[in-house]
Every structure is written in C-alpha cells, then in structure tokens.
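[1] below is the sequence, then the predicted model.
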Amino acid sequence: MINEVFILLGSNQGDRERFLSLALEWIEDKGGTILKKSAIYETAPWGFETPDLFLNQVVEISTGHQPDALLEILLTIETQLGRIRPFDSCGCSGDEAYSSRTIDLDILFYGPKLVFTDRLMIPHPRLHERRFCLVPLNEIAPGFIHPLLKKSISLLLQECADRSEVDLLQAR
C-alpha cells in the first residue's frame, strides 16, 4: 500500500543547504518518491538558545514503508549525515531533547494515520505550535486536514500563537 507522508527537514550546523540536499537525495533513494517540496526557509531555533539559524523545508513523499520502517530509514540518514541524537527519536521527551544538529528529519503526517508508540508520534505532537513547520507545510498542503485537530494546515497557521520569523531563503 502506498502512503503519502509529510517530512520536515531541518539543519543549523555546517553546510545547511548541502545537508538538506543530501537528505532529500537519500529520502528519495531509500524512503520513497518525493511528490512535492516546499521552498527553504531560515528560522530561529525553537525551544533552545543558539546563534545558529535553522534551514527548514517540508516534503511530501509517496512510500510503501510502514511508519516504523520509515522512521528507521530517516534515523539512518540522520546518522550518516552526522546527527547525534542522544534523546528520544521524536523529540517529545521535553526541552532537553532540543539541540543544534546537522540534520533533523521528522515525520509530520503519515496520511490520516495515527501512530502513538514510545518511539514515534504521528501526527507530530507539536507541529501546530511551530511556524517553522507550518509555513513550509502550508506552502505545499494548505488544505490537508490534521487528523486529530480536524483543522486544515492553513487554519492551523492562522491560529498559531508562535510569532517567530520564517524567512524565505530559497524558492522551490
């Protein structure tokens, strides 16, 4: 069965654009076919302090991998690109999980599927609180309905209390 999945890419260390580009290549090679990709945005860190700004992008892929298998692929890509992830894989354990990184690959949505395990939470539990996630997601899927909140991405962006700047760095 083919599933449409939204993935958030982020990088704030090293050659950020190159890390995003390599991650996209490896996602396409190992994870699934890229259907859409947003522009690249530059954003301040969220949840921790560092002077290093992030680059963020959202892609939609078509994949035959189940959520756990896709997570393993993404974690392998992160490791191959120098990511050290000392905490939980979904960044849900609390503020101590936030740190600078060469690459971060988060599954935002796996179609309308809900997944709640000790390793994976889909939909991503805080995506509706983060402009750096909602702005690029809104660019490629404004009408997608959050399966728990029952609101479109465009409405979630309008309602988002986060007022952080999300600056267009590079168009698609």
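    Structure's in. What do you need? Please read all numbers here as calculations on a predicted model, not as lab measurements. Numbers count the residues shown, from 1 in each chain.
[2] how about the helix or strand containing Leu24: buried residues?
    Take DSSP states H and E as the rule and Leu24 turns out to sit in helix 16-26. Within helix 16-26, the residues scored as buried using 16 or more other CB atoms under 10 Å are 16, 19-20, 22-24, 26. The C-beta positions use only the backbone N, C-alpha and C, and glycine is treated the same way.
[3] strand partners (parallel or antiparallel) of the helix or strand bottoming out on mean pLDDT in the chain?
    Every helix and strand in the chain was compared by mean pLDDT, DSSP states H and E; the lowest is strand 166-170, with a mean of 87. Strand 166-170 sits in its sheet next to strand 40-43 (antiparallel), going by DSSP bridges.
[4] quick check: next helix or strand after the partner strand?
    The helix or strand immediately downstream of strand 40-43 is strand 54-63, counting by DSSP H and E.
[5] how far does stretch 115-130 sit from its chain's centre?
    11 Å (CA atoms, centre = their mean, to the nearest Å).
[6] one step back: now the least confident helix or strand of the chain and strand 54-63, what's the angle there?
    With axes from the mean of the first three to the mean of the last three CA atoms, to 10 degrees defining the directions, strand 166-170 sits at 70 degrees from strand 54-63.
[7] what about Leu9, distance to Asp118?
    Note on Leu9: its distance to Asp118, by CB to CB, to the nearest Å, is 24 Å.
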